[in-house]
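Enquirer: sequence and predicted structure, then a few things I'm wondering about:
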Amino acid sequence: MPSLIPFFSTQALIVALVGYTMAAALLMGGVSGAAIKSPDACEVTVQYPISHTQCQENINYGCFENNHSMWVNAGCMAVFQCDDEVNVTCQSHENPKLGPLFLVCNCVSDPNPPHPGPHPGPPPPPPQAPIPKCAGRPGGVCPNIVFIIDESTDGRTYRSDGFAPTVIPNIRKLADEGVQFDTHYCNAPVCCPSRSSLWSGRYPHRIPHQQAKNEVLTVNGVWNNYEGNAPGYSDLLGDVMERRGYDVMISGKTDWTTGGHSLNVQLNSWTMYTRFPYNVNTSGGWYDETDCPSNGTIAPTTTFKRHPDWTRVDSTTKWMATMAATQKADPAHARPFFAYQGMDIVHPGYATNDLWYAKIDQSKVTVPDWEPLADLHPCDFQSSMLKKCTPSDVDAADFYSLTRRKRIRSIYYAMISEFDAMVGEYVTQVQTSGIKDNTVYVVTSDHGDMNMEHQQFYKMVQYDASSRVPLIISGTGVTAQGKLVTSATQHIDLFPTLAAFAEVPTSDLPKVLDGVSLTPYLAETTTLPPDYPDIAVSQFHGCNIAMSWYLASNGTYKYVVFGTGKEVAPQLFKLSDDAGEKNNIAAANPQIVAEFDAKLRRVVDYVEVSNDVANYNQLSFRAWQNRTENWKVQVATGRWAGPFEADAAASFAAIDEWLSEPPAVKACRSDLVYPPVHDEDL
């Protein structure tokens with residue numbers, strides 16, 4: 001692949017969005033696109049995979065005489081860049097497969113160029129796989145698959161036992177007609193690592209790739225929100241479904257490839273073991289985030305379709321209707337479809353409007369108790385501080401207000417309720433199109449959200465609010481109805497589960513696939529193979545935490561280890577008695593700790609991974625430092641600008657000290673002031 005073309009402000013730039021509005025496309029996360037550099041030397045590079053491999057494969061870029069063009073398929077976002085004083089022109093072309101949403105964009109040096117003559121037109125689309133046949137289905141017709149995933153949803157909010165006052169009639173109906181997985185975990189509770197793992201079916205520590213912008217560095221896993229699957233990796237879930245012969249629609253968030261998200265994410269993650277100075281009492285400590293003290297937003301409107309995700313709901317369901325019409329008109333020659341939407345809704349900041357907020361019964365909204373900061377596990381304290389959830393003395397009264405915390409939790413439940421209405425739109429479209437009997441639904445979330453539990457918001461941490469997510473599988477092929485699965489399952493299981501629905505031959509599956517199919521749970525009676533896993537595993541190594549951590553849960557107990565296991569105490573919670581994970585019983589139960597530790601080590605060598613992450617952090621920061629002019633200016637900005645500027649000299653000294661030492665895993669600090677002040681210093 002050609003080398004990466006940098007984007008300079010001195011060059012003309014146009015963003016061509018095909019099939020989406022600008023606002024919708026920017027919400028996809030990160031910068032996706034491709035660039036054309038100049039009209040003199042046809043140099044084209046794909047910066048990141050453009051939305052999805054199907055989309056990427058249907059982009060044909062090449063050089064035509066006297067002009068240089070990029071063909072862009074529907075649903076893609078492409079960035080076209082030309083040198084100074086070079087115009088960018090785009091012209092719509094009919095696409096035999098996708099209709100009139102096919103653009104050609106050219107860099108043209110002459111503002112009034114001669115007509116280049118008949119355009120050669122796009123090459124024919126690549127041949128599709130044969131229409132798939134599923135031997136286990138009536139008439140051999142493979143099922144349609146509707147896969148909906150939102151953001152930041154705590155799996156316990158789908159419970160019908162009153163855990164949360166969410167209003168989710170559409171999701172409840174799917175659960176009543178299918179199977180709800182009550183102890184389902186994402187494998188890394190943050191956007192890109194979670195999706196990278198789910199879409200490749202691999203554990204986060206088994207996704208090697210070259211680091212974007214630093215191609216000499218091999219990264220052994222998706223350690224933070226900057227890392228993901230390699231751009232050329234072609235065994236993602238959507239790729240496999242397409243090769244199986246499905247018509248595939250991918251819409252919304254697709255951040256499962258390395259190189260996305262912000263510099264802020266990279267720096268915060270890489271400096272995890274840097275001993276930055278802080279003082280909680282005077283300034284709230286050292287923080288990477290800024291939204292935790294927020295009151296949330298309740299807009300004074302009654303708009304039903306409030307969130308921008310509705311735009312993609314509408315476009316994707318219309319596409320489904322078109323596919324369904326083809327299936328009904330010519331069933332012998334119609335393809336099944338795989339429709340995916342990755343949504344932004346429920347992601348903080350916490351925001352809703354009067355209509356959705358009014359649906360939440362305030363009498364049922366609980367506010368979790370908070371322990372004194374001095375009593376927190378040191379890694380919990382650090383995450384609270386890094387998320388700006390440890391207020392200064394001046395801000396403490398407003399921050400600790402029960403009214404504020406209850407309002408935030410209510411807004412969160414209102415956002416989930418609006419997401420339920422989006423799910424309802426999909427269900428209605430399937431029913432209206434007459435394809436209910438041949439459609440399966442999967443509804444889940446990329447990760448959870450702390451929503452004021454353990455004095456935190458956001459995700460990234462080991463608690464169930466952050467790492468345990470909802471999962472509903474319902475529709476054709478699901479013979480159980482209203483079944484609640486309490487065994488631990490995990491996101492990497494979704495890849496083989498959906499492949500099983502499509503009857504993907506074993507020979508066509510990726511060579512590395514860590515998950516197992518959940519289909520045994522979809523029958524009235526569950527019969528598991530003898531080697532079926534009995535734990536779910538999650539982990540994280542990025543921003544808003546102070547050490548790598550790993551969890552193993554079987555639904556009854558959950559074990560958590562930090563770093564190499566030697567730096568700070570582990571945690572053990574009996575979830576069946578302690579849903580809020582308040583009572584760490586590890587010290588009193590060494591036998592259970594040893595049992596879970598052995599099971600966890602069979603999945604991941606957490607000592608090796610933690611040391612590898614510490615080394616990766618230093619290598620990544622040094623590489624960025626060496627290629628970045630005025631790096632000190634950039635490093636002092638971002639969401640940590642406030643604490644950095646409070647003592648810039650000491651902050652830079654902390655970076656220098658960290659880089660001068662061999663890479664090492666360091667224990668979470670519990671000090672409210674760092675460096676600590678001793679009596680002799682007063």
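Expert: It's in.
Enquirer: so for stretch 514-524, mean pLDDT?
Expert: Average pLDDT, stretch 514-524: 97.
Enquirer: with stretch 672-682 instead?
Expert: Mean pLDDT, computed over stretch 672-682, is 77.
Enquirer: could you report the neighbour count for Glu581?
Expert: 19 (other Cβ atoms under 10 Å). In short, each C-beta sits where N, CA and C put it, glycine included.
Enquirer: which helix or which strand is home to it?
Expert: Under the criterion DSSP states H and E, no helix or strand holds Glu581.
Enquirer: so what's it closest to, chain neighbours aside?
Expert: Phe573 (4.6 Å; Cβ to Cβ, 6 or more residues apart in numbering).
Enquirer: after the host helix or strand of that neighbour, next one along is what?
Expert: Per DSSP H and E, Phe573 falls inside strand 571-574. Note on strand 571-574: by DSSP H and E, the next helix or strand toward the C-terminus is helix 590-603.
Enquirer: which residue is nearest the middle of this protein?
Expert: Geometric centre of the chain, nearest residue: Cys191, 2.2 Å, by Cα atoms, centre = their mean.
Enquirer: residues contacting it?
Expert: Residues near Cys191 by Cβ atoms under 8 Å, 6 or more residues apart in numbering: Gly29, Glu151, Asn225, Lys253, Asp255, His261, Asp446, His447.
Enquirer: list the contacts of stretch 390-405.
Expert: Contacts to stretch 390-405, defined as Cβ under 8 Å, 6+ apart, come from residues 280-285, 293, 295, 367, 370, 373, 381, 384, 389, 452, 455.
Enquirer: what's the distance between Pro208 and Val607?
Expert: 19 Å (Cβ to Cβ, to the nearest Å).
Enquirer: to clarify, my last question referred to Lys133.
Expert: From Lys133 across to Val607, the span is 48 Å (Cβ to Cβ).
Enquirer: neighbour count: those two, which is higher?
Expert: Counted by other Cβ under 10 Å, Lys133 and Val607 do not tie: Val607 has more neighbours, with 15 against 12.
Enquirer: the more buried one: what's it in contact with?
Expert: By Cβ under 8 Å, 6+ apart, the contact list for Val607 reads Thr564, Gly565.
Enquirer: rerun that using 6 Å as the cut-off
Expert: Val607 makes contact with Thr564 under the criterion Cβ atoms under 6 Å, 6 or more residues apart in numbering.
Enquirer: what comes up buried for the helix or strand hosting it?
Expert: Secondary structure assignment for Val607, by DSSP H and E: helix 606-627. Residues 606, 609-614, 616-621, 623-624 are the ones in helix 606-627 that count as buried (16 or more other Cβ atoms under 10 Å).
Enquirer: likewise for stretch 226-243?
Expert: Buried-residue list, stretch 226-243, by 16+ other Cβ under 10 Å: 226-231, 233-243.
Enquirer: count of neighbours near the residue lying closest to Asn295 once chain neighbours are set aside?
Expert: Distance criterion Cβ to Cβ, 6+ apart; nearest residue to Asn295, sequence neighbours excluded, is Arg404 at 5.7 Å. For Arg404, the count of nearby residues is 17 (other Cβ under 10 Å).
Enquirer: which SS class is Arg404?
Expert: Put simply, Arg404 is helix when judged by DSSP: H, G, I helix; E, B strand; the rest coil.
Enquirer: how far away is it from Ser294?
Expert: 9 Å.
Enquirer: ok, now Ala579?
Expert: Taken as Cβ to Cβ, the span from Ala579 to Ser294 is 26 Å.
Enquirer: have a look at those two and say which one is more surrounded.
Expert: Between Ala579 and Ser294, counted using other Cβ under 10 Å, Ser294 has the larger neighbour count: 17 against 14.
Enquirer: and the closest residue to that one other than its chain neighbours, how far from Gln481?
Expert: Computed as Cβ to Cβ, 6+ apart, the closest residue to Ser294 that is not its neighbour in sequence is Gly349, at 6.1 Å. Distance, Gly349 to Gln481, by Cβ to Cβ: 38 Å.
Enquirer: same check, this time on Ser283
Expert: In this view, Ser283 and Gln481 are 55 Å apart by Cβ to Cβ.
Enquirer: more neighbours: the two, which one.
Expert: Comparing Ser283 with Gln481 by other Cβ under 10 Å, the one with more neighbours is Ser283, at 19 against 12.
Enquirer: in contact with the more buried one, which residues?
Expert: Ser283 sits next to Ser392, Ala646 when contact means Cβ under 6 Å, 6+ apart.
Enquirer: with the one 4 residues further on instead?
Expert: By Cβ under 6 Å, 6+ apart, the contact set of Tyr287 is Leu386, Lys388.
Enquirer: where does it land in three-state SS?
Expert: Criterion first, three-state DSSP; result for Tyr287: coil.
Enquirer: how far away is it from Thr497?
Expert: Relative to Thr497, Tyr287 is positioned 39 Å away (Cβ to Cβ).
Enquirer: do the same with Tyr412
Expert: According to Cβ to Cβ, Tyr412 and Thr497 sit 28 Å apart.
Enquirer: what are the phi and psi values for Lys558?
Expert: Phi and psi for Lys558, reported as degrees, to the nearest 10, are phi -130, psi 130.
Enquirer: start and end of stretch 491-511, how far apart?
Expert: 18 Å (Cα to Cα, to the nearest Å).
Enquirer: what lies in contact with it?
Expert: Outside stretch 491-511, the residues that touch it by Cβ under 6 Å, 6+ apart are 134, 142-143, 186-187, 197-198, 201, 235, 237, 244, 440, 477, 514-519.
Enquirer: mind checking which of those are buried?
Expert: Buried members of the contacts of stretch 491-511, scored by 16+ other Cβ under 10 Å, are 134, 142-143, 186-187, 197-198, 201, 235, 237, 244, 440, 477, 514-518.
Enquirer: of the residues you listed, which belong to helices?
Expert: Among those, DSSP state H puts Ser197, Leu198, Leu237, Arg244 in helices.
Enquirer: surely the last one and Ile131 touch.
Expert: No: contact criterion Cβ atoms under 6 Å: Arg244 and Ile131 do not qualify, at 10.0 Å.
Enquirer: re earlier: tell me the bridge partners for the residue nearest to Glu581.
Expert: Lys558 (DSSP bridges).
Enquirer: kindly provide the distance from it to Val427.
Expert: Distance, Phe573 to Val427, by Cβ to Cβ: 35 Å.
Enquirer: go on, Phe399?
Expert: 40 Å.
Enquirer: the more surrounded of those two?
Expert: Each of Phe399 and Val427 has its neighbours counted (other Cβ under 10 Å); Val427 has more, 23 against 17.
Enquirer: residues contacting the more buried one?
Expert: Shown in contact with Val427 (Cβ under 6 Å, 6+ apart): Asn170.
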